[in-house]
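K.L.:
Sequence plus predicted model, see below.
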Amino acid sequence: MSPRRSRIAASAAQSELAVALAELRTSLDLPTGFPPDVLAEADAAASASPPPTVDRRDIPFVTIDPAGSMDLDQALHIARRPGGFLVHYAIADVPGFVLAGGAVDREARERGQTLYAADGRVPMHPPVLSEDRVSLLPGVDRTAYVWSFELDETGAIGRTGLERAHVRSREQLSYDEAQTRIDAADGEPLALLREVGLARIDQERARGGASLNSPEEEIVRSDGGYALKRRHLLPVEAWNAQLSLMTGMAAAAVMVEARIGILRTMPKPTPERIAAFRTQTEALGRPWPESVTYGEYLRGLDHDGPAALAVLQAAGGLFRGAGYEAMDGDVPADPEQSALAAPYAHVTAPLRRLVDRWGLVVCEALVAGREVPAWARDSLHELPALMGASSQRASRLDAASVALVEAAVLSDRVGERFTATVLELRGDNAIIQLTEPAVTATCPATPAARAGARLEVVLEHADIRAGEVRFRAARP
């Protein structure tokens with residue numbers, strides 16, 4: 001294909017993709033904006049000044065987020081203390097700007113979370129709040145829920161505090177910038193994030209918890225259109241995530257002790273599911289010994305190898321059934337998030353997730369020794385269904401968006417041969433992962449199509465509007 005014809009084909013594919021993505025938004029009934037009463041209430045709230053009396057603006061917080069982010073939920077600061085570390089973790093004060101039962105609250109409950117479509121975000125809150133007045137942007141005064149943790153040298157928590165306070169972030173860093181800074185300046189306070197992150201990973205290991213940390217397949221804008229990219233997480237992302245996990249586990253502990261709040265739960269995998277996963281790892285040549293914990297096994301994998309991709313695919317299905325459990329007087333029979341091997345609650349992303357607002361309000365009241373506000377207590381039972389519906393819509397949006405972009409990326413390559421890794425077998429089909437571009441698809445299984453094997457495949461069909469691609473095994 002000539003370069004000119006390739007450009008024409010690419011342009012036509014991107015135009016067709018844009019139409020398909022717009023149709024997807026319509027089919028999922030995604031909001032296209034905010035109603036006038038929501039915008040008016042948000043504007044009024046943005047001009048208000050919530051009245052916490054505690055001043056923590058002396059703490060030099062920084063934020064670490066994907067490049068270009070404006071809805072900054074968390075800011076962190078870590079310092080050494082005798083025998084360990086002092087961690088401050090500030091969370092955006094969404095409850096201070098969203099009136100319970102008001103227009104912004106009602107709209108947020110309808111949306112449930114910020115949605116990430118290929119052609120743009122669908123925010124949960126109006127941008128005047130989520131990307132400006134409430135966001136922990138650098139160089140401006142904000143109110144926040146400030147968690148404090150005294151850790152020993154091993155990363156174990158000795159004391160936890162929570163207060164609503166004035167804060168001021170000093171700097172906004174991307175993950176790349178933070179990683180570069182940490183790698184280049186070990187003596188800098190930010191470098192303590194590595195020490196604390198690694199210590200908390202050791203704590204996770206001791207609990208028997210696990211994090212997949214598998215390569216992410218993401219949609220990126222490229223040359224006026226869209227492309228697929230497989231991205232390995234930077235170490236700083238795992239260290240930063242450990243602070244969020246630590247906060248969520250601390251919040252869960254507060255709520256479980258008081259028997260009121262809302263937990264993020266996940267049941268333990270059944271013995272049958274564990275046995276099936278062990279069988280898969282043996283077939284892939286990466287056996288999971290019974291003497292090794294699940295988390296330790298995953299940490300020991302070479303995530304770049306083709307067999308490891310298949311193992312991670314199988315591991316992702318081992319833990320299922322995540323949901324939310326509201327409690328007021330009784331703790332669930334199994335309160336744990338089993339992959340973390342501990343009770344856990346969502347409290348660190350209130351700008352982007354509905355349930356976190358309740359978790360923060362409940363925890364702050366409990367830590368301060370006050371009654372939980374009536375509006376929060378009375379509506380706890382509504383959250384599991386609201387978050388369940390929102391999560392389902394987000395999953396459908398994500399899967400359909402990826403399918404549409406995959407079809408567009410491959411639309412002018414019908415008949416070409418690709419190298420793929422077999423992730424798993426499902427009936428008569430093999431689930432395959434192309435090496436380049438980062439496409440996951442199916443093709444009819446052959447005797448050579450065993451999980452973890454390399455397979456040469458040929459693209460037979462790519463339909464952008466339907467979001468469908470079809471491969472067959474290449475002839476030797």
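P.N.:
Perfect, thanks for sending it.

K.L.:
from here on, contacts and neighbour counts on C-alpha atoms
P.N.:
OK.

K.L.:
My guess is residue 418 contacts residue 460. True?
P.N.:
No - here residue 418 does not reach residue 460: they are 11.4 Å apart, not a contact under CA atoms under 8 Å.

K.L.:
which is the next helix or strand following the longest strand along the chain?
P.N.:
Identified as the longest strand of the chain according to DSSP state E is strand 157-174. Following strand 157-174 in sequence order, the next helix or strand is helix 175-184 (DSSP states H and E).

K.L.:
quick one, that next one and strand 157-174 angle?
P.N.:
110 degrees (axes from the mean of the first three to the mean of the last three CA atoms, to 10 degrees).

K.L.:
What strand or helix carries residue 391?
P.N.:
Using DSSP H and E, residue 391 sits within helix 383-410.

K.L.:
Which helix or strand lies directly C-terminal to that helix?
P.N.:
In the C-terminal direction, the helix or strand that comes right after helix 383-410 (DSSP H and E) is strand 417-426.

K.L.:
Now do that next one: which elements does it pack against?
P.N.:
Strand 417-426 is packed against helix 306-316, strand 429-434, strand 454-463, with contacts defined by 3 or more CA pairs under 8 Å, 6 or more residues apart in numbering; DSSP states H and E.

K.L.:
Mean pLDDT and mean neighbour count added to those, as a markdown table?
P.N.:
Converted to a markdown table, those look like this (pLDDT from 0 to 100; neighbours: other CA atoms under 10 Å):
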| stretch | mean pLDDT | mean neighbour count |
| --- | --- | --- |
| helix 306-316 | 74 | 21 |
| strand 429-434 | 88 | 22 |
| strand 454-463 | 93 | 19 |
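
K.L.:
how about these in JSON lines, adding distance to residue 275?
P.N.:
What follows is those, written out as JSON lines (distance: least, CA to CA, whole Å):
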{"stretch": "helix 306-316", "distance to residue 275": "12"}
{"stretch": "strand 429-434", "distance to residue 275": "21"}
{"stretch": "strand 454-463", "distance to residue 275": "25"}
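
K.L.:
so which of those gets nearest residue 109?
P.N.:
For the helices and strands packed on strand 417-426, distance to residue 109 was read as CA to CA. The smallest value, 28.8 Å, belongs to helix 306-316.

K.L.:
and the following helix or strand past the closest one, average pLDDT?
P.N.:
Sequence-wise, the next helix or strand downstream of helix 306-316 (DSSP H and E) is strand 323-328. Strand 323-328 carries an average pLDDT of 97.

K.L.:
Next, the angle helix 383-410 makes with strand 323-328.
P.N.:
160 degrees.

K.L.:
contacts for strand 323-328?
P.N.:
259-266, 332, 377, 380-381, 383-384, 387-388 (CA atoms under 8 Å, 6 or more residues apart in numbering).

K.L.:
Which one of the helices and strands packed on strand 417-426 lies nearest to residue 31?
P.N.:
Comparing those by CA to CA, strand 454-463 comes nearest, at 26.4 Å.

K.L.:
Starting from that closest one, tell me which strands it pairs with and how they run.
P.N.:
strand 417-426 (antiparallel), strand 468-473 (antiparallel) (DSSP bridges).

K.L.:
Check these for me: which has the lowest mean pLDDT.
P.N.:
strand 417-426 (a mean of 88).

K.L.:
The nearest residue to residue 387 once chain neighbours are set aside: neighbouring residues, count only.
P.N.:
Leaving aside its sequence neighbours, residue 387 sits nearest to residue 112 (CA to CA, 6 or more residues apart in numbering; 5.8 Å). Look at residue 112: counted by other CA atoms under 10 Å, it has 25 neighbours.

K.L.:
Residue 195 too?
P.N.:
As a burial measure, residue 195 scores 17 neighbours (other CA under 10 Å).

K.L.:
and the helix or strand it falls within, what does it pack onto?
P.N.:
Using DSSP H and E, residue 195 maps to helix 192-207. Helix 192-207 sits against strand 74-81, helix 235-258, with contacts defined as 3+ CA pairs under 8 Å, 6+ apart.

K.L.:
For the shortest one, buried residues please.
P.N.:
Residues of strand 74-81 classed as buried: 74, 75, 76, 77, 78 (neighbour count, 16 or more other CA atoms under 10 Å).

K.L.:
Would you enumerate the residues in contact with the residue lying closest to residue 281 once chain neighbours are set aside?
P.N.:
With CA to CA, 6+ apart as the criterion, residue 281 has its nearest non-adjacent residue at 4.7 Å, and that residue is residue 287. With contact set as CA under 8 Å, 6+ apart, residue 287 has these partners: 278, 279, 281.

K.L.:
quick one: contacts for residue 368?
P.N.:
With CA under 8 Å, 6+ apart, residue 368 has these contacts: residue 163.

K.L.:
can we see that at 10 Å?
P.N.:
161, 162, 163 (CA atoms under 10 Å, 6 or more residues apart in numbering).

K.L.:
would you turn the residues you listed into a markdown table with distance to residue 435?
P.N.:
Compiled in a markdown table, these are given as follows (distance: CA to CA, whole Å):
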| residue | distance to residue 435 |
| --- | --- |
| 161 | 47 |
| 162 | 46 |
| 163 | 48 |
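
K.L.:
Out of those residues, which comes closest to residue 39?
P.N.:
Closest approach between those and residue 39, by CA to CA: residue 163, at 29.0 Å.

K.L.:
Count the residues that sit near the closest one.
P.N.:
Neighbour count for residue 163, taken as other CA under 10 Å: 20.
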